[in-house]
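> Test case, fold it:
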Amino acid sequence: MLPGESRAALLRRAKWTPGDRIEVSFLDGSPSLHARVKRFAQEWTAPGMANLELVFRSGVASTPIRISFRYRGYWSAIGTECFLIQDRMQPTMNYGGFTDATPDAEVRRVVLHEFGHALGLIHEHQSPAAGIRWNEQQVYKDLSGPPNRWDPETIYRNVLAVQADTNYTEFDRRSIMIYPIPASWTLDGFSVGWTSELSPTDRSFIRQQYP
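Residues are numbered from 1 along each chain as shown. Next up is the predicted model:
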């Protein structure tokens, strides 16, 4: 068991300024998908949450956050690092495989996670406070096979690397920002299941970072 109370982590260099209006557009996808992504993403900026505004633009626009559904996997640029992707036709966030038939619960879980990244949050298991004793050989073996088929660099970047440049306190195993961790991936049997909600710590932490 990892020590400490529930907390969270944010990449300092990618933090927005409290009060920012962050523009978002879609490069492809159906109006129905757009509406669902918008609805779930705005849970992060609802009253009493982050002091930020997500402004969704219609049509393809030169916005900081640009969403696609056509590439492989789920991913997002971290916070203001979206500005490093300057080609307006290239996405900064992707929901590969989402269709109008994808259940709301799955869309919501993934959108909350990826928009956490878009607001600057890192993977919770990569927080300096996590202290996870990884069975690295097993992690590489499992994630290099189906369904992920990740290369070693992607596995290291998304799972094993510890992010040093962060605002963080202690580890939150209920965070929407953590990956499921099977017991076989750790040396001491520590495990984490799927998370599908913003944890109480996710909520309090985002308020603290964007007052």
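> Now V139: which helix or strand?
V139 belongs to helix 136-144 when assigned by DSSP states H and E.
> Can you point out the buried residues in that helix?
139-140, 142-143 (16 or more other Cβ atoms under 10 Å). In this view, the C-beta of every residue, glycine as well, is placed from N, C-alpha and C.
> I'd like the next helix or strand past it.
Taking DSSP H and E, what comes next after helix 136-144 is helix 152-155.
> List of residues touching that following helix?
Under the contact criterion Cβ atoms under 8 Å, 6 or more residues apart in numbering, helix 152-155 has outside partners 139-140, 143-144.
> of all those residues, which two lie farthest apart?
V139 and S144 (9.2 Å; Cβ to Cβ).
> on that earlier part again, packing partners for the helix holding V139?
helix 152-155 (3 or more Cβ pairs under 8 Å, 6 or more residues apart in numbering; DSSP states H and E).
> How far off centre is the helix it packs on?
Centroid separation for helix 152-155 versus its chain: 17 Å, with Cα atoms, centre = their mean, to the nearest Å.
> same deal with stretch 70-82?
9 Å.
> Over to stretch 12-19?
For stretch 12-19, the distance to the chain centre is 15 Å (Cα atoms, centre = their mean).
> what pLDDT, on average, does that stretch get?
Mean pLDDT, stretch 12-19: 93.
> Could you pull up the residues touching the residue nearest to A183 when sequence neighbours are not counted?
Distances taken as Cβ to Cβ, 6 or more residues apart in numbering place S191 nearest to A183, at 4.2 Å, with adjacent residues excluded. Taking Cβ under 8 Å, 6+ apart, we find S191 in contact with 181-183, 185.
> ok, of these, which one's closest to Q208?
Closest to Q208 out of these is I181 (25.5 Å), distances taken as Cβ to Cβ.
> so that closest one makes contact with W194?
No: I181 is beyond contact range of W194, at 10.4 Å (criterion: Cβ atoms under 8 Å).
> Neighbour count: the two, which is higher?
Counted by other Cβ atoms under 10 Å, I181 and W194 do not tie: I181 has more neighbours, with 19 against 8.
> What's the local residue count around R157?
Per other Cβ under 10 Å, the neighbour tally for R157 reads 13.
> Revised request: answer the last question for R13.
Every residue meeting other Cβ under 10 Å relative to R13 is counted, giving 11.
> Repeat that for the one 3 residues further on.
For W16, the neighbour count with other Cβ under 10 Å is 19.
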